[in-house]
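**Student:** quick one: sequence and predicted model below, then my questions.
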Amino acid sequence: MSESRPRPQFGEYASPEEQRARIAEPIDEQRAEELGIAPVVPVGRQPRQQQEPTLREQTREQAHEPGVMQPGAATVAARRPVAGDRIATSILLGLGLVGLIYTMPGMLDLPGQIRPFLVQMGVSGYSSDGLASAMGILALGIQIALWMGAVILSRRSLRAGRITFWIPIVAGVVANVVFILCLSVALGADPAVFEYVRSQQP
């Protein structure tokens, strides 16, 4: 009478491959080739090359696919300043600075600029030098502030990716309007100019 083998409880009669598969200890192809056995994959686990890609891997693959735009890429592209607008803004700011430097001596000596102009018109005896000097300095200060403000606003607008060339244009228009107003005050308050205007009326 042959002895009956006891019922295995802990996998004693299982093959090494079955034991390793049960205890979730995989054997890759290189190790299996060294041992001379077949590769072992744990139960419920697929080989790495057959596993489905994770969400991070899918996102990484999509990032390298041509024609695939990532979230936020459109916003970044929209905020990128146009090269032509940047060049135009720089040129306009440069022209504004050149004009400011060119007119600075005349505004600092506004009475000396007004008197020859009045003489050509036939007006003599201009006596509001103090007022004209004050108006010239005021106009110069406002124009300097406008130019600096245009530079600051233009830099911020370019960084935000917005159209910017109109900022120096608006600053230049306002600067000219301010100068015309100051010159009008310096001329209109002088008695000689006032009498000349009255004499020209019918």
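**Tutor:** Thanks, I have the structure now. Residues are numbered from 1 along each chain as shown.
**Student:** any chance you could map the strands in this structure?
**Tutor:** Along the chain, no stretch is classed among the strands by DSSP state E.
**Student:** now do the helices in the protein.
**Tutor:** Taking DSSP state H as the test, the helices found in the chain are 16-22, 29-35, 55-64, 73-79, 83-108, 110-121, 129-159, 166-188, 191-200.
**Student:** okay, these in JSON lines with mean pLDDT next?
**Tutor:** Formatted as JSON lines, these follow (pLDDT from 0 to 100):
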{"stretch": "helix 16-22", "mean pLDDT": "60"}
{"stretch": "helix 29-35", "mean pLDDT": "71"}
{"stretch": "helix 55-64", "mean pLDDT": "59"}
{"stretch": "helix 73-79", "mean pLDDT": "49"}
{"stretch": "helix 83-108", "mean pLDDT": "93"}
{"stretch": "helix 110-121", "mean pLDDT": "87"}
{"stretch": "helix 129-159", "mean pLDDT": "95"}
{"stretch": "helix 166-188", "mean pLDDT": "94"}
{"stretch": "helix 191-200", "mean pLDDT": "81"}
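**Student:** reformat those as CSV; add mean neighbour count.
**Tutor:** Bear in mind the C-beta positions are built from the backbone N, C-alpha and C, glycine included. Putting those into CSV (neighbours: other C-beta atoms under 10 Å) gives the following:
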stretch, mean neighbour count
helix 16-22, 15
helix 29-35, 11
helix 55-64, 10
helix 73-79, 10
helix 83-108, 14
helix 110-121, 15
helix 129-159, 17
helix 166-188, 17
helix 191-200, 12
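**Student:** so what touches stretch 195-202?
**Tutor:** If you take C-beta atoms under 8 Å, 6 or more residues apart in numbering as the criterion, stretch 195-202 is touched by L118, M121, G122, V123.
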